[in-house]
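Asker: need coordinates for the below:
(2 chains)
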Amino acid sequence: MGTENRNLHKEINEKLQNTVMQTALSRFADQYPDARLKAYENVDSIEDLRDDLRDMKRKAVDNIEQVANTFEKSVQHLGGKVYRAKDGDDLKQHLLQICRENNVQRIVKSKSMATEEIHLNAYLQDNGLHVRETDLGEWMLSVAGQKPSHMVMPAIHLDRKECAGFFSKALHEEIPSDIPFMIQTARRVLREEFLQADMGITGANFGIAENGAIGLVTNEGNARIVTTLPRVHVVIIGYEKLIPKIEDAAKILRLLPRNGTCQRMTSYMTMVDGPTPVIYKKENKWVEEDRKLYIILLDNGRLKAAHDPKLKEVYQCVRCASCLNVCPIWTLVGGHVYGHIYSGGIGAILTGLLSSIDDFSKFSDLCIGCRKCESICPGKIPIPDLIDELRSRAVQEKGLKLPEKAVFQNVLANRKVFHTLLRIASVAQKPVQSGKFIRHLPLFFAGMTEGRSLPALASEPFRDRMPGLLKKNPAKPSLRAAFFSGCNLDFVFPDTSESVVKVLQDLGIEVIFPEGQNCCGKPVLGMGDRETGRKIAKKNIEVFEAANADVIISACPTCAETLHKTYVELFQDDPKWLIRAKKMAAKIREFTSFVADAYKKMGRLTPSNKQTKHLVTYHDSCHMKRGLGITKQPRDLIEASAGYEFVEMKNCDKCCGMAGAFGVKYSEISLPLLEEKITNIKETGADTVAVACPACMMQIQGGLDQQAPKIQVKHVADILAENLSI
Amino acid sequence: MKKVCKDWVTNAFDDKLVNASYWQEFEENAKAASAEIIHVENLQSAQAAIADLIVTLGAKKIIAVGDETVPELNNLYKNIEQTGLSVYTDKFDIAEHAPTADLGISMAEFGIGETGSVCVDNYAYEARIVGMLPPSHIVVLNANHTVKNITTAFKVISRVFNRGYMGFITGPSRTADIERVLSLGVHGPSRFFILAVDEMTDRRMH
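Answerer: Below is the predicted model:
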């Protein structure tokens, strides 16, 4: 890990210690989900709206050239000028020429991320133009020399005192930190800027091909004034904002304000279609003429993305920034550590496409793949998948870093070597110290557990216990199940594996454990090394084909998702292996949902009425809830278990901070997430926390150890096994 | 005065999409967005309501734009002027006085139930500054002209929108850029009134 990473750690720590920002972000993260849902209370189906938006945007990107041509013709037909800029430099030069031609001295701007992306303001100022941001947040940041930390709430990281400081600096007078006073001061100062401006520059939330209109969504109303008072209007719009029809705008507008600011509609939604009248003083006399309208379509990597079968999905983004609002990482560290204009998960992708893959790589691993963003994104963008895709391309292009490469390709890809090393480690490990919790297994070989105790590996891995368990298989089985344990259940939690086998056997199922099975490959794939991932996948497919089972059971949602979904994706271009991967995928069943189905058929899924011995809460693993969509079944199983009474915890589906490599590489972020999880568990009063994911089990156990040693963590399989007579 | 559509009722509305049945949801959502609603029976009571409001706001200088489909509005402005207040209705006068005016009055075409927004046709420059520069803004709305939601609003709009400037206004100008505290009137008006009139000229009747 080079100096860039070390700097990032330093930056993260600064942000974590910034109490102003921490207070603001945690309060916001707390309020946002409910406020968003309240805004949606009067729609029939959020899902239908999201589908409509996604489908409309997909159609637009699939025909982007045609849509852009139509848009251009529509604008020209009305008398507006259209220029297509291939990149930032091209755009800036053209814009400067427009300023010169129209004798422009003073410019007012309303918020435009595209102009931030190409650093337009600095360029215009260097060329002697007077430029003012008029969005209050953007204006304060420009005075402060800072960048926005959020696309919709650019100054969320500041408090009123800091804001007052920037006001005072800009106006050369003492401004008290009284919010209404500051607002009135901004109104007074910026009003003068509006009245004197020759040119207004805006972005656009959408551009309609059918009639050439652009749409602006704002609350302050600055965009309305910017598009009204100055005699020249320049629109800077990315290709991804183009939509075919007037009615398509409704599909954006029913979601964007609700997701972005939890409003049913923002104060102003303004559409400008062609040049419109402007009245201004010319040689001291009021005149009315048509405002000059210039629309600049910015490419800067967008058109290439439009033709990329996977990455074209970024066109479904409407820049509501709600993916940041629910991101466990963003809500801890804020937007600045992402280092670029666009922050958060979508920011990583946009940076990769619009800036460079190097810039992407610098912060792409700040996505933990919890999929929370994907679950609310208006355009249904699979953000973590696109990040994965870019990661794998970065690896393809630049290769892995050396220690990771050696471990992945020489150790993980070879089960015997890997497992032998694990056994040696289990003997050599020091006793696990309190507070140092264990980590995602395969990664500790990659030097990623630096400064930490080794994982608490079981003295006897599960695979060694299996011969004894085989003897308990039913004589006349109803089904033959192969158990895919995954590394954690094999080497760290063999007891839980035993529970899994017992519960299945109790259902009259024959359980076998194919010895040749290896790690599912997720850690390698998560780092973008698909080549090694494919090698591991092929091995596992061969082993489970030979096992000839009716179903393959996994009690780890990450493994289940990898075997079921990722393997199939890995072999998209290899028809022979694709068939085999699909065959295997069809047999994969996640443990709790499989058992819940069986119990239901047998009438065993009724809530237990027996005396309560334990109060139990349940943590939804990210991969379980948002990867596999399983939430109800584990809860039903717990409620049906004798002696257990169920209670929900706050934010039951928020990431515990484990997330594979992430928890190790960024322990400073992982720990606060864990702390929050433990606090929420404690607040329920439960003495047991149930999980259905061994990775979360590790993380939560480590946290409970330190903060609430009396609370036990149990896999759902363990709870079920307790009540079995065998 | 320039408009995207000279006559929305004839060219864009139909009874199925635009009618009075979404009033209640419109009113609730508009209020939730900090719009102030004054609901009156006819233009006569509208005039009285405006007169009251002028007193309450202490407005001295008023800029107002009319509408050709509602000739009564212009009479209303004349009547206000006769009370000794300055009411500017000429576009150059409006441009001259907008930065110092206390109140702006203009028209809205229809209300949207889902969001409490009003749809405004502001192709004319003067119609825009009337709504943006003074600290208070009144829109006059025919209370029978409401649509269900944003989707139906755009269905109506798409029938006539082939050039110009239009959009929605949903409550006053607001910001939450400092500590996410809601503050009104940062650039546009801090008070936004919807004067909804039950009985107004409706060309479909003719």
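
Asker: how about the secondary structure of the nearest residue to A:Ile512 once chain neighbours are set aside?
Answerer: With sequence-adjacent residues excluded and distances taken as Cβ to Cβ, 6 or more residues apart in numbering or on different chains, A:Ile512 is closest to A:Ala482, at 5.4 Å. Using the backbone N, CA and C atoms, a C-beta is placed for each residue, glycine as well. Following DSSP: H, G, I helix; E, B strand; the rest coil, A:Ala482 is assigned to strand.

Asker: contacting residues around A:Ala482?
Answerer: When contacts are counted by Cβ atoms under 8 Å, 6 or more residues apart in numbering or on different chains, A:Ala482 touches A:511-514, A:544, A:547, A:549, A:551-553.

Asker: change it to 6 Å
Answerer: A:512, A:514, A:544, A:547, A:549, A:552 (Cβ atoms under 6 Å, 6 or more residues apart in numbering or on different chains).

Asker: from those, pick the one nearest A:His336.
Answerer: A:Ile552 (44.9 Å; Cβ to Cβ).

Asker: buried ones among the contacts of A:Ala482?
Answerer: Buried by 16 or more other Cβ atoms under 10 Å in any protein chain shown: A:512, A:514, A:544, A:547, A:549, A:552, out of the contacts of A:Ala482.

Asker: does the second one count as helix, strand or coil?
Answerer: This means A:Pro514. Counting by three-state DSSP, the backbone at A:Pro514 sits in coil.

Asker: may I have the phi/psi pair for the closest residue to chain B within the stretch 201-350 of chain A?
Answerer: Here the stretch 201-350 of chain A gets closest to chain B at one residue, A:Gly221, 3.4 Å apart by Cβ to the nearest Cβ. A:Gly221 adopts backbone torsions of phi 90, psi 0, taken as degrees, to the nearest 10.

Asker: what pLDDT does it get?
Answerer: Note on A:Gly221: pLDDT of 96.

Asker: quick one on the thing from earlier: what about the residue nearest to A:Ile512, distance to A:Val500?
Answerer: With the distance defined as Cβ to Cβ, to the nearest Å, A:Ala482 ends up 12 Å from A:Val500.

Asker: before we move on, what about A:Ile346?
Answerer: Separation of A:Ile346 from A:Val500 (Cβ to Cβ): 38 Å.

Asker: A:Lys600 now?
Answerer: 19 Å.

Asker: the more surrounded of these two?
Answerer: Remark: of A:Lys600 and A:Val500, A:Val500 carries more neighbours, 29 against 14, as counted by other Cβ atoms under 10 Å in any protein chain shown.

Asker: am I right that the more buried one is in a strand?
Answerer: No. Applying three-state DSSP, one finds A:Val500 to be helix, outside a strand.

Asker: assess the claim that it and A:Val716 are in contact.
Answerer: No. Look at A:Val500 against A:Val716 with Cβ atoms under 6 Å: they stay out of range, at 9.6 Å.

Asker: around A:Lys282, count how many other residues there are.
Answerer: 10.

Asker: how about A:Thr19?
Answerer: With other Cβ under 10 Å as criterion, A:Thr19 counts 9.

Asker: which ones are touching the closest residue to the residue of the stretch 201-350 of chain A closest to chain B other than its chain neighbours?
Answerer: Among residues not flanking A:Gly221 along the chain, B:Gly188 sits closest, at 3.4 Å (Cβ to Cβ, 6+ apart). Residues near B:Gly188 by Cβ under 6 Å, 6+ apart: A:221, B:132, B:173.

Asker: among those residues, which ones are buried?
Answerer: Neighbour-count burial (16+ other Cβ under 10 Å) applied to these gives A:221, B:132, B:173.

Asker: relative to A:Gly215, how far out is the second one?
Answerer: Distance from B:Met132 to A:Gly215, counting by Cβ to Cβ: 17 Å.
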